[in-house]
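>>> next one to model:
(chains A and B)
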Amino acid sequence: MTLYALTPEHTAQLKPWADRWIANALSTAPMTEADKLETTNALKALYAACQLNPDPRVVFVSSPFAGAYVAGTVLALQAAGRKRLPADYSAWPEEARVLAAAVVAASGLSTRGAAPALTLCQPTAEEQRVSWVRDGYGASVAYTLAGQAGLKAASDVHVARDGGNQWSAYTSYLSFFRHIAQLNLDYSKWQWYERLAEISGVRYVLPDFAVVSDRPATLTLDPQSRPHGEADMACRFRDGTGWWYWHGVPVSPYVVERPAEITLDEIKATANEELRRVLRERYGDLRYLRDSGAKLIDADHEQARKGAAPRMLVEDDQGERWLIGTDGGTGRNYVMSTLRTAKSCREAHEARTGFDESKIVNKS
Amino acid sequence: MQTSVDVQTAYRALEAHTPDVLVRTLRRAEVGVIVQQGDVYLHCVEADHPKGAARLPADPLQRQIALGSTVGARHVAEGSEVEVYAGTTLPPWVHCAATMEAAILGPVVVCPSTFVVTHPEHPHHRLPPGTWQVTYPYDHRERARVQD
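Numbers count the residues shown, from 1 in each chain, chains lettered A, B, ... in the order given. Purely as a prediction, here's the structure:
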């Protein structure tokens, strides 16, 4: 066996290959009928490669939310003891038929059954909050139908989730070795996974049932290419559902749309460091420091000839130190992180720049 | 450091400060002088300060001296004789950890005549001829250069 080494020709292909797959991950093109047909065939081949039912039922839905709903419901039914439903729809138990109608309605495949969907699935505000976190309404439906067992089953949906085109990173990596490096490996099973990443969105893969979502309708990014929406969903699907992100961090809708609802207690109670940082930013860093009673370490006035302004160094309730100042030209206040060891405004500023700040003659 | 100012007084001093919105003009610059525009620092350096490959002077976007495509990043060196080069070396008076060095290093601006560093929001800086090394501040929490 010879170990593969990256050649100059292959190196030259890295950037175009990455660009191609980044474009695939960011695609907002709707799945066509041809895509759906090819997806079904690829899934069957993938199931066969995994020695599962080679003829799984494949359902296409408009969003991962609808997908979680359908997949969660199936798992809830299984948890309730109905491992397999009869092929004859009319022979299904009443509860299952109503549920199926609700699923179809919620999946955007049909408007029939909308009323039972609302009756069955209308989640409480708290359930909605939980279900956003748990990635869809499947959880609340499952809870309604099968209690805790259903909730557990529905939460297992995540095990069955694959990001489709949105998980292009690893597919890009492996496919590089297939198509560019052309390693002498057996890709006969892998090829189906790779193709699915190109032609379809998020999917939920259950033992004999697969749910495939369309790609999103819109996807907005920040300058660092992280999902980000300034006032709306960053990723919106055609059925109106979607995800809210703040510079790559998934958040609840109100964090983006109604930041005034964020409370000081909520920020302090948030254990996740990234989410706490986002909540604090949306609340207002300066407001947070004021409201949380940050301790003043130092205050002074800059020395530049033009644009000098007052500033202060404070320590927050986490022991972090922050330099608060202005640029001297726009009237904005900036809250700037600095070293925990900084003892003065000057030391805090110089820790950020690496030079003696008395050299600054003008600032704006 | 102990300060005699209480925290509310310090906040009020910040809020009461009136920004100076006029163009900053520096008529003469000695090596070692620094001007700051938002999160961009321009250091006046020796004419033989090391620099890398030149960017195309004909393309005005190539004279943007901060990374990014947002309004906040549009610090642009404007002038008919402005040349912008890749930065390779921090000025000798910048001292920081090795992990920070690469993050804060920006391009080199060379101009044999007066030029202006413009920005859509910050007041402009009119600078004298010379060689200017750009640096950026470092965010210790993010472990990256500050970028707005």
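>>> helices of chain B, start to end?
B:7-16, B:98-104 (DSSP state H).
>>> nearest to chain A, of the ones you listed?
helix B:7-16 (4.0 Å; C-beta to the nearest C-beta). C-betas here are computed from N, CA, C, even on glycine.
>>> say whether chain A is contacted by that closest one.
Yes. Using C-beta under 8 Å from any C-beta of the partner chain, helix B:7-16 reaches chain A at B:Val7, B:Thr9, B:Ala10, B:Tyr11, B:Ala13, B:Leu14, B:Glu15.
>>> what's the ChimeraX syntax to select whichever of the residues you listed are buried?
The buried residues among the residues of helix B:7-16 next to chain A can be selected in ChimeraX (16 or more other C-beta atoms under 10 Å in any protein chain shown) with this line:
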select /B:7,10,11,13,14
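>>> quick one: the residues of helix B:7-16 next to chain A as CSV, columns for pLDDT too.
Shown next, in CSV, are the residues of helix B:7-16 next to chain A (pLDDT from 0 to 100):
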residue, pLDDT
B:Val7, 86
B:Thr9, 89
B:Ala10, 90
B:Tyr11, 88
B:Ala13, 89
B:Leu14, 89
B:Glu15, 86
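>>> which stretches in the chain count as strands?
In the absence of a named chain, this looks at chain A. Using DSSP state E, the strands of chain A run over A:57-61, A:161-162, A:203-206, A:209-213, A:218-219, A:235-236, A:242-246, A:249-251, A:295-301, A:310-315, A:321-326, A:333-338, A:360-363.
>>> the chain in question should be chain B.
Going by DSSP E, chain B shows strands at B:24-25, B:34-37, B:40-45, B:51-54, B:76-78, B:83-87, B:105-111, B:115-118, B:125-127, B:130-135, B:138-139, B:144-145.
>>> by mean pLDDT, show me the worst of the ones you listed.
If the strands of chain B are sorted by mean pLDDT, strand B:144-145 sits at the bottom with a mean of 81.
>>> and that one, what does it pack onto?
helix B:98-104, strand B:138-139 (3 or more C-beta pairs under 8 Å, 6 or more residues apart in numbering or on different chains; DSSP states H and E).
>>> mind redoing it with 7 Å?
helix B:98-104 (3 or more C-beta pairs under 7 Å, 6 or more residues apart in numbering or on different chains; DSSP states H and E).
>>> list the buried ones in the helix it packs on?
Neighbour-count burial for helix B:98-104 [16+ other C-beta under 10 Å]: B:Met100, B:Glu101, B:Ala103, B:Ile104.
>>> right, and the last one touches B:Gln133 too?
No. In this structure, B:Ile104 is not within contact of B:Gln133 by C-beta atoms under 7 Å, at 10.7 Å.
>>> still on that earlier bit, so which of the strands of chain B is the most surrounded?
strand B:34-37 (a mean of 26; mean count of other C-beta atoms under 10 Å in any protein chain shown).
>>> list of residues touching that one?
Strand B:34-37 is touched from outside by A:359-364, B:24, B:26, B:41-43, B:75, B:117, B:119, B:122, B:125, B:127, with contacts defined as C-beta atoms under 7 Å, 6 or more residues apart in numbering or on different chains.
>>> who in chain B is up against chain A?
B:1, B:3, B:5, B:7, B:10-11, B:13-14, B:17, B:19-21, B:24, B:26, B:32-38, B:41, B:68-70, B:93-96, B:100, B:104, B:121-123, B:125, B:137-141 (C-beta under 7 Å from any C-beta of the partner chain).
>>> roughly how far apart are A:Val70 and A:Phe209?
Remark: distance between A:Val70 and A:Phe209 (C-beta to C-beta, to the nearest Å) = 9 Å.
>>> looking at the two, which one has more neighbours?
Comparing A:Val70 with A:Phe209 by other C-beta atoms under 10 Å in any protein chain shown, the one with more neighbours is A:Val70, at 27 against 18.
>>> residues in contact with B:Ala103?
B:Tyr138, B:Ala144, B:Arg145.
>>> try A:Gln13
A:Ile180.
>>> which of the helices of chain B sits closest to A:Phe65?
helix B:98-104 (39.1 Å; C-beta to C-beta).
>>> avg pLDDT for the closest one?
Across helix B:98-104, the average pLDDT comes to 91.
>>> for the residue of chain A positioned farthest from its centre, give me its contacts.
Here chain A reaches farthest from its C-alpha mean at A:Arg305, the gap being 47.2 Å by C-alpha atoms, centre = their mean. Shown in contact with A:Arg305 (C-beta under 7 Å, 6+ apart): A:Val361, A:Asn362.
>>> need the phi and psi values for it.
The phi/psi pair for A:Arg305 (degrees, to the nearest 10) reads phi -70, psi -40.
>>> tally of neighbours for residue 6?
Here I'm looking at chain A. A:Leu6, neighbours per other C-beta under 10 Å, totals 11.
>>> you looked at the wrong chain, it should be chain B
Using other C-beta under 10 Å: B:Asp6 sits among 11 other residues.
>>> now it: closest residue in space that isn't a chain neighbour?
Closest residue to B:Asp6 apart from its sequence neighbours, by C-beta to C-beta, 6 or more residues apart in numbering or on different chains: A:Leu296 at 7.0 Å.
>>> give the contact list for that neighbour.
A:Met312, A:Val314, B:Thr3, B:Val7, B:Ala10.
>>> show me which residues of the stretch 201-350 of chain A sit near chain B.
So the stretch 201-350 of chain A meets chain B at A:223, A:290, A:296-299, A:306-307, A:309-310, A:312, A:324, A:326-331, A:333, A:337-339, A:343-344 (C-beta under 7 Å from any C-beta).
>>> while we're on the residue lying closest to A:Thr330 once chain neighbours are set aside, how confident is the model there?
In space, and not counting its chain neighbours, A:Thr330 is closest to B:Glu121: 5.4 Å by C-beta to C-beta, 6+ apart. For B:Glu121, the model assigns a pLDDT of 90.
>>> how near is B:Glu121 to B:Asp139?
From B:Glu121 over to B:Asp139 (counting by C-beta to C-beta), the distance is 20 Å.
>>> quick one: A:Ala29 and A:Arg215 touch, right?
Yes. Taking contacts as C-beta under 7 Å, A:Ala29 lies within contact range of A:Arg215: 6.2 Å.
>>> neighbour count: those two, which is higher?
It is A:Arg215, of A:Ala29 and A:Arg215, that has more neighbours when counted by other C-beta under 10 Å, with 25 against 11.
>>> excluding its backbone neighbours, what's nearest that one?
Nearest one to A:Arg215, counting by C-beta to C-beta, 6+ apart, is A:Gly201 at 4.5 Å.
>>> look up how far A:Leu221 lies from that neighbour.
Taking C-beta to C-beta, one finds A:Gly201 at 17 Å from A:Leu221.
>>> and for B:Val35?
Counting by C-beta to C-beta - B:Val35 and A:Leu221 are separated by 33 Å.
>>> list the buried ones in stretch A:169-185?
Within stretch A:169-185, the residues scored as buried using 16+ other C-beta under 10 Å are A:Thr171, A:Ser172, A:Leu174, A:Ser175, A:Phe176, A:Ile180, A:Ala181.
>>> and the helices in the stretch 251-364 of chain A?
A:253-257, A:264-269, A:273-283, A:285-291, A:345-353 (DSSP state H, counting those that start in this stretch).
>>> any idea which of these is most buried?
helix A:345-353 (a mean of 22).
>>> now do whatever residue of the stretch 101-250 of chain A ends up closest to chain B, the pLDDT please.
Residue of the stretch 101-250 of chain A nearest chain B, by C-beta to the nearest C-beta: A:Pro223 (4.9 Å). A:Pro223 is assigned a predicted lDDT (pLDDT) of 81.
>>> that one: neighbour count?
15.
>>> so, low pLDDT: which residues of chain A?
For chain A, applying pLDDT under 70 flags the ranges A:75-158.
>>> center of chain A - which residue?
Short answer for chain A (C-alpha atoms, centre = their mean): A:Pro250, at 5.4 Å.
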